[in-house]
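Enquirer: 3D model of this:
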Amino acid sequence: MKRGLAALLAVVGGLLAATCANAQNLVITNARILDGAGGEIPRGTIVVQGGVIRSVSAGGAPAGATNVVDAGGKTVMPGFIDAHRHIGAAEPALMKAFIDAGFTTVLDALGNVPALVAVRKKIDAGEIVGPRLKISGIVPLNQTALPPGIDAARRDPARMPFAERPPVDCTPPDQARGMVNGVADQGADNIKIILVASPKGCDLATLRAISDEAHKRGLRMITHTTAVVDAVMGADAKTDYFAHTPHIGWVDEGDAIAKIVASGAPMVTTLGVFTPYFDDTHNEGLFRDNGEFQWDTLHSAGQGPVNDRLLWNAGVTIGYGTDTSFPPRDSLRHELRALSSVFGPKELVTILTKNAAICADVDEITGTLVAGKQADLVMIDGDPLKDIFAVLDVRLVVKGGKIVSDKR
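Expert: Sure thing, here's the model as predicted:
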């Protein structure tokens with residue numbers, strides 16, 4: 001009797017599993033495919049089974065295919081990835097706004113870890129629609145701090161010349177290790193460090209302790225560096241990821257480029273922070289915090305893009321990230337304005353997809369349209385290789401093989 005019941009349950013379980021898998025089967029055909037790695041298929045088909053890409057090829061849909069979406073010649077490319085975002089309260093409406101804008105993965109670079117972990121569980125369970133979330137908790141390197149309520153970008157202590165910085169005490173390495181474990185226990189994916197190096201020279205030992213403990217717990221160390229001098233120290237400490245392109249100073253002075261390249265760490269853009277934000281109702285320019293633009297930071301709007309291009313030319317992996325809390329589509333438009341001053345459309349497609357996936361540490365599962373990866377993709381009404389701002393016109397979003405936004 002027990003064996004018969006077990007067999008029946010196995011059959012039912014198998015049927016349910018097959019039903020779930022079939023519900024995720026999808027064929028997108030008649031599409032202009034950009035694979036995120038520089039490849040292009042003028043007219044092709046993507047076959048998805050069980051939420052995973054099974055094939056990407058030229059030609060039409062396979063015989064007998066069901067659940068077929070005719071792209072009508074529109075562009076299909078990997079889902080966008082913001083590898084440096086501040087999500088805040090992570091309300092369901094914001095999570096859906098990321099999806100509608102084409103973002104299937106978002107890395108929150110500093111937030112309330114337990115709250116974001118709870119939101120991620122709801123997304124993964126299908127209770128709310130949202131992107132794949134990667135979460136970061138902070139471990140303070142030293143006591144360098146700003147008054148509460150002040151946007152760090154407005155009064156960045158890294159703008160002070162290194163020799164003029166007041167010496168501060170660093171967090172003792174053993175204490176920092178304990179903090180790493182505390183963040184890991186909360187469910188974070190990354191440890192974030194804000195590196196404004198102290199002339200006392202105590203930073204490197206603490207950085208290395210944080211990196212070592214993070215790696216023991218399976219986490220990455222992501223390092224906020226805005227000045228070139230701090231980026232060099234981050235490279236020496238073997239950071240896993242630079243949270244910003246350095247925009248205070250020039251990377252081609254001294255050995256900065258060589259050290260950053262040697263670290264092997266990818267870097268996100270965040271160029272729009274220091275570019276005035278304009279829209280239909282704000283003609284005077286806004287700063288990231290929605291206040292009046294701080295014009296004495298404008299040098300960064302020039303140094304950031306130039307440094308980004310120089311580092312790209314040297315072989316650094318540059319990925320998309322905004323470091324903003326504007327609505328996702330607005331942030332995308334704003335960041336692209338700065339990026340398109342130094343990068344071409346084909347490069348920007350890679351920055352927004354493949355490279356951002358590397359920065360967010362999801363490149364093994366998404367970021368490119370190749371067999372075996374999760375079916376995270378967007379359909380665009382336009383040609384991003386002719387006009388990168390075509391990515392603002394998202395008509396269809398698929399995450400894990402499921403259609404999660406449809407504006408066709």
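Enquirer: now do the contacts for the closest residue in space to E40 that isn't next to it in sequence.
Expert: The shortest distance from E40 to any non-neighbouring residue, by C-beta to C-beta, 6 or more residues apart in numbering, is to L34 (5.7 Å). Where C-beta positions appear, they are placed from N, C-alpha and C, glycine not excepted. Neighbouring residues of L34 by C-beta atoms under 8 Å, 6 or more residues apart in numbering: E40, T75, V76, M77, V349, L369, P384, L385.
Enquirer: which members of these are classed as buried?
Expert: Among these, those scoring as buried are T75, V76, M77, V349, L369, P384, L385 (criterion: 16 or more other C-beta atoms under 10 Å).
Enquirer: in helices, which of those appear?
Expert: Taking DSSP state H, the ones among these that sit in helices are V349.
Enquirer: ok, so of the buried ones among the contacts of L34, who is nearest V378?
Expert: M77 (6.1 Å; C-beta to C-beta).
Enquirer: that closest one contacts T350, doesn't it?
Expert: No - taking C-beta atoms under 8 Å as the definition, M77 is not a contact partner of T350, at 10.2 Å.
Enquirer: hey, what's in contact with both of those two?
Expert: Residues touching both M77 and T350 by C-beta under 8 Å, 6+ apart: G36.
Enquirer: which residues of the stretch 1-150 of the chain fall in strands?
Expert: For the stretch 1-150 of the chain, applying DSSP state E, counting those that start in this stretch gives strands covering 26-34, 40-49, 52-58, 68-70, 75-78, 80-85, 103-108, 132-138.
Enquirer: what's the second one packed up against?
Expert: Based on contacts counted as 3 or more C-beta pairs under 8 Å, 6 or more residues apart in numbering; DSSP states H and E, the elements that strand 40-49 packs against are strand 26-34, strand 52-58.
Enquirer: the shortest one to strand 26-34, inter-axis angle?
Expert: Spelled out, that is strand 52-58. Computed by axes from the mean of the first three to the mean of the last three C-alpha atoms, to 10 degrees, the angle separating strand 52-58 from strand 26-34 equals 50 degrees.
Enquirer: shaky segments in the stretch 1-150 of the chain?
Expert: Along the stretch 1-150 of the chain, segments meeting pLDDT under 70 span 1-24, 143-149.
Enquirer: deepest in the core, which of the strands of the stretch 1-150 of the chain is it.
Expert: Highest mean neighbour count among the strands of the stretch 1-150 of the chain (mean count of other C-beta atoms under 10 Å): strand 80-85, with a mean of 30.
Enquirer: pull the number of nearby residues for the residue nearest to T226 when sequence neighbours are not counted.
Expert: Distances taken as C-beta to C-beta, 6+ apart place A158 nearest to T226, at 4.7 Å, with adjacent residues excluded. The tally of other residues near A158 (other C-beta atoms under 10 Å) stands at 25.
Enquirer: cool, L310 as well?
Expert: For L310, using other C-beta under 10 Å, the count is 17.
Enquirer: so what's it up against?
Expert: By C-beta under 8 Å, 6+ apart, L310 lies in contact with V251, D252, I257.
Enquirer: what's the distance between it and H86?
Expert: 27 Å (C-beta to C-beta, to the nearest Å).
Enquirer: and for V168?
Expert: Going from V168 to H86 by C-beta to C-beta gives 24 Å.
Enquirer: between those two, which one's more packed in?
Expert: More crowded of V168 and H86, by other C-beta under 10 Å: V168, with 18 against 13.
Enquirer: in a strand, that one, correct?
Expert: No - counting by DSSP: H, G, I helix; E, B strand; the rest coil, V168 is not part of a strand but coil.
Enquirer: hang on, it packs against A197?
Expert: No - contact criterion C-beta under 8 Å: V168 and A197 do not qualify, at 9.6 Å.
Enquirer: looks like F162 contacts M233 (just checking).
Expert: No - between F162 and M233 there is no contact under C-beta under 8 Å: 10.0 Å.
Enquirer: what is in contact with those two at once?
Expert: What both F162 and M233 touch, as defined by C-beta under 8 Å, 6+ apart, is the set A197.
Enquirer: more neighbours: the two, which one.
Expert: Shown here are F162 and M233; by other C-beta under 10 Å, M233 has more neighbours (21 against 16).
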